[in-house]
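Participant: Here is a sequence together with a model predicted from it:
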Amino acid sequence: MITAIVLIQAENSRIPETAQALADTAGVAEVYSCAGDVDLIAIVRVRDHERIAEVVTSGIDKVDGVLRTTTHIAFKSYSSADVEAGFSLGE
């Protein structure tokens with residue numbers, strides 16, 4: 001499974017409705033409302049890289065109230081004490 005973090009700037013008056021619509025978008029696992037430089041954070045979990053672009057451009061970017069997005073691919077970090085950890089894409 002591949003995780004992407006999508007930082008979203010939204011219309012201030014529509015943040016609750018936009019967050020709910022984002023949470024209902026296929027491929028979006030979680031949505032957080034936050035204070036700071038961005039209004040919402042969406043966690044996208046998909047099986048392949050191509051699907052991330054599809055979820056963001058055909059899903060998230062099309063939700064009413066979304067003004068701008070920035071996508072970051074997330075790779076899990078492990079403690080140096082975690083000798084059982086393995087790294088692989090697509091699992």
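Facilitator: Right, received. Where do you want to start? Residues are numbered from 1 along each chain as shown.
Participant: contacts, neighbours, all on C-alpha from now
Facilitator: Will do.
Participant: what's the helix or strand hosting Ala42 in contact with?
Facilitator: Here Ala42, judged by DSSP states H and E, is contained in strand 40-46. Strand 40-46 is contacted from outside by 1-10, 15, 19, 22-23, 27-34, 52, 55, using CA atoms under 8 Å, 6 or more residues apart in numbering.
Participant: Give me the helices and strands touching the following helix or strand past it, please.
Facilitator: Following strand 40-46 in sequence order, the next helix or strand is helix 49-54 (DSSP H and E). The contact analysis (3 or more CA pairs under 8 Å, 6 or more residues apart in numbering; DSSP states H and E) places helix 49-54 against strand 40-46.
Participant: what do you get if the cut-off is 10 Å, keeping everything else the same?
Facilitator: Helices and strands touching helix 49-54, by 3 or more CA pairs under 10 Å, 6 or more residues apart in numbering; DSSP states H and E, are strand 2-10, strand 40-46, strand 66-74.
Participant: just the ones you listed: most buried one?
Facilitator: strand 40-46 (a mean of 22; mean count of other CA atoms under 10 Å).
Participant: now it, how far from the chain's geometric center?
Facilitator: Relative to its parent chain, strand 40-46 has a centroid offset of 2 Å by CA atoms, centre = their mean, to the nearest Å.
Participant: Extract the C-alpha set from it and format it as PDB.
Facilitator: Extracted in PDB, the C-alpha atoms of strand 40-46 (Å, rounded to 0.1, in the frame of the first residue of the first chain):
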ATOM      1  CA  LEU A  40      -7.200  20.300   5.300                       C
ATOM      2  CA  ILE A  41      -4.900  17.200   5.100                       C
ATOM      3  CA  ALA A  42      -6.100  14.100   3.200                       C
ATOM      4  CA  ILE A  43      -4.400  10.800   3.600                       C
ATOM      5  CA  VAL A  44      -4.600   8.800   0.400                       C
ATOM      6  CA  ARG A  45      -3.800   5.100   0.400                       C
ATOM      7  CA  VAL A  46      -3.700   3.200  -2.900                       C
END
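Participant: Run the angle between it and strand 66-74 for me.
Facilitator: 50 degrees (axes from the mean of the first three to the mean of the last three CA atoms, to 10 degrees).
Participant: Strand 40-46 pairs with which strands, parallel or anti?
Facilitator: strand 2-10 (antiparallel), strand 28-33 (antiparallel) (DSSP bridges).
Participant: I appreciate the help and will end here.
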